[in-house]
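> coords please:
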Amino acid sequence: MRVGLEARAATRPKGDPKKPSSMWTRAYVRLLLTGDVACAVIASEAVLGVRLWLGAFIPWTEVAFGLALAAAWPGAMAMAGAYRKRVHGEGSDEFRAVFNGGVALTAAVAIGAYATQTMLARSFVLGTIPLATLLTLIFRHRMRRRLHKRRMAGEYLRRVVAVGHRESILDLVMQFRRQPYHGMNVVAACLPPAASGSGVRVNGTVNGAGDGAGDGPDAGLGLDIAGVPVLGDFTNVAEVVEKVDADAVAVAACPELDGAALRRLAWSLEPKGTELFVAPALVDVAGPRTSIRPVAGMPLLYVEHPEFDGLRGMVKSLFDKVVALIALIILAIPMLVIAIIIRATSEGPALFKQTRIGRGGREFQLLKFRTMVNGAERLKVLLEHANEHDGVLFKIRNDPRVTKVGAFLRRYSIDELPQLINVLRGEMSLVGPRPPLPEEVARYGSDVRRRLVVKPGMTGLWQVSGRADLSWEESVRLDLRYVENWSLILDLQILWKTWGAVKSGEGAY
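This is a model prediction of the structure:
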């Protein structure tokens with residue numbers, strides 16, 4: 001497994017960053033600023049235009065106030081933190097900042113008008129600012145997609161120095177290279193002084209300990225970890241940062257870097273404003289479940305347990321069933337047409353039933369449109385040698401059992417529509433881990449069985465992240481991340497992204 005991880009980690013980004021981080025960040029912020037002002041101007045002019053069309057009289061003072069509101073819009077965004085570098089291209093903080101800025105400006109205008117007894121048209125509070133917020137959210141979403149595309153092409157990346165043990169750095173490099181849209185490009189590594197010469201790759205081979213490379217501040221020079229050069233140890237991180245002109249330092253969890261050592265490292269990076277990231281040993285736990293609380297003068301990371309039942313669970317179940325019922329009513333006729341086409345083009349029933357494992361290990365009959373020849377399960381044994389997937393899954397890109405109609409249904413995930421019935425019966429959820437087969441569950445380890453504490457889903461992080469193109473390890477990691485961090489907001493985000501994944505058809509076979 002480690003060899004496979006290292007091979008994937010050795011895949012470099014498509015190109016080197018075209019600009020230093022500080023240059024493209026300033027240019028990106030200027031672009032956001034211009035776009036935000038444009039959104040505010042469009043919202044103001046649109047509301048004024050509608051009022052004119054309805055025959056309202058608009059004095060010049062209101063026109064001037066509308067323009068002043070557009071000018072104040074980027075200030076509201078800045079106060080809410082929408083231009084901070086760390087929120088660009090990652091997470092929901094940027095969109096939350098835009099929303100909070102809009103709410104704050106709405107409150108300021110309403111309270112200011114009331115306090116000064118100014119006769120302001122309600123359209124500013126009820127129309128202009130909400131519309132400006134909506135347009136800005138759409139603009140920011142489009143800009144984020146553009147930023148991700150540029151990063152996938154190897155541009156707009158932060159140059160990062162990774163600090164930690166070899167295995168931790170290798171995992172960090174693997175994650176960043178597998179998902180370059182996060183904008184992190186590891187350009188150098190620093191290992192512990194006593195281990196920097198032990199087990200580090202040298203031109204594709206692995207050196208053992210005791211070669212003397214681990215002594216002194218230059219330990220590990222000339223060595224590399226999956227293509228990332230080792231340029232120093234924990235004592236000279238600041239010098240390595242300056243040497244490679246890095247924008248950030250990412251520290252993987254290791255016992256050598258305790259609180260005092262991290263504090264000294266932060267002090268050494270402060271003069272040049274180099275960012276410092278610390279990857280905790282606790283992985284795949286989302287921000288809402290964690291908080292830092294000072295106890296006895298120490299900042300302790302508090303981790304809440306995930307909530308699977310109670311009120312949140314009831315809301316999720318109700319949401320699933322209501323949406324499934326509405327979808328079944330809307331899609332009833334198209335699904336009937338699909339069933340007729342399947343029966344007309346190949347022998348066998350239109351629906352395929354298969355035993356899957358649901359929440360708590362309970363079996364249920366999963367429904368799908370039949371996409372293979374009748375009796376395809378009996379032919380699976382003859383195709384075991386052609387399995388293209390690692391781990392416990394069975395996948396063949398050009399499976400000979402798939403019919404022509406079935407290939408089309410699979411490409412756009414239309415074959416999964418009958419699972420809306422499973423959702424309505426309470427056996428599945430709209431969003432959740434992939435529903436496994438009994439033989440797959442029989443091979444699960446103790447960690448992987450964690451997937452079974454929630455209902456399986458029609459879609460999930462695995463579907464919007466590559467589907468069948470994912471390795472077994474990546475699929476499990478995404479499912480466990482969902483289990484640990486599920487929320488209704490996350491479900492809505494995944495449902496939104498599912499449309500794009502289905503439209504592209506990537507990883508569906």
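
> so who does Thr355 touch?
363-366, 437-438 (CB atoms under 8 Å, 6 or more residues apart in numbering). The C-beta positions use only the backbone N, C-alpha and C, and glycine is treated the same way.

> Which member of those is positioned nearest Ala279?
Distances from the contacts of Thr355 to Ala279 were compared by CB to CB; the smallest belongs to Leu437, at 34.2 Å.

> mind checking the SS state of the nearest residue to that closest one once chain neighbours are set aside?
Ranked by CB to CB, 6 or more residues apart in numbering and with sequence neighbours excluded, the top spatial neighbour of Leu437 is Arg356, at 6.3 Å. Arg356 falls in the strand class when you classify it by DSSP: H, G, I helix; E, B strand; the rest coil.

> Now for Arg356: which residues touch it?
With CB under 8 Å, 6+ apart as the criterion, the residues that contact Arg356 are 363-366, 435-438, 456.

> Ok, Asp479 next?
Each residue near Asp479 by CB under 8 Å, 6+ apart is listed here: 433-434, 451, 460-462.

> Buried subset of the contacts of Thr355, written for PyMOL?
Selecting in PyMOL just the buried members of those, where the criterion is 16 or more other CB atoms under 10 Å, is done with this command:
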select buried, resi 364+366+437
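
> and Ser168, what helix or strand is that in?
Assessed by DSSP states H and E, Ser168 sits inside helix 166-178.

> and the next element down the chain from that helix?
Read in the C-terminal direction, the helix or strand following helix 166-178 is strand 184-191, with elements assigned using DSSP H and E.

> how far out from the middle of the chain is that next one?
Averaging C-alpha coordinates over strand 184-191 and over its chain gives two centres that are 22 Å apart (CA atoms, centre = their mean, to the nearest Å).

> picking up where we left off before, may I have the beta-bridge partners of the residue nearest to Leu437?
Phe364 (DSSP bridges).

> mind checking how far stretch 454-470 is from the chain centre?
On the basis of CA atoms, centre = their mean, stretch 454-470 sits 13 Å off its chain's mean C-alpha point.

> Please read the previous query as pertaining to stretch 458-475.
Centroid separation for stretch 458-475 versus its chain: 12 Å, with CA atoms, centre = their mean.

> Quick test: name the residue nearest the centre of this protein.
Of all residues in the chain, the one closest to the mean position by CA atoms, centre = their mean is Gly91, 7.1 Å from it.

> Okay, that one and Glu167: tell me how far apart.
Between Gly91 and Glu167 the distance, using CB to CB, to the nearest Å, works out to 27 Å.

> Show me which of the contacts of Arg356 is closest to Met79.
Using CB to CB, the shortest approach to Met79 within the contacts of Arg356 belongs to Pro456, at 43.4 Å.

> ok, now which ones touch that closest one?
Applying CB under 8 Å, 6+ apart, the residues near Pro456 are 356-359, 428-429, 432-436.

> Do a quick rundown of the strands in the stretch 151-300 of the chain.
Assigned by DSSP state E, counting those that start in this stretch, the stretch 151-300 of the chain shows strands spanning 158-163, 184-191, 201-202, 205-206, 223-225, 228-233, 248-252, 275-279, 290-295, 298-303.

> tell me the SS of the residue of the chain most remote from its centre?
Note on the chain: the largest separation between a C-alpha and the mean C-alpha position, by CA atoms, centre = their mean, falls on Phe57 (48.2 Å). Per three-state DSSP, the local secondary structure of Phe57 is coil.
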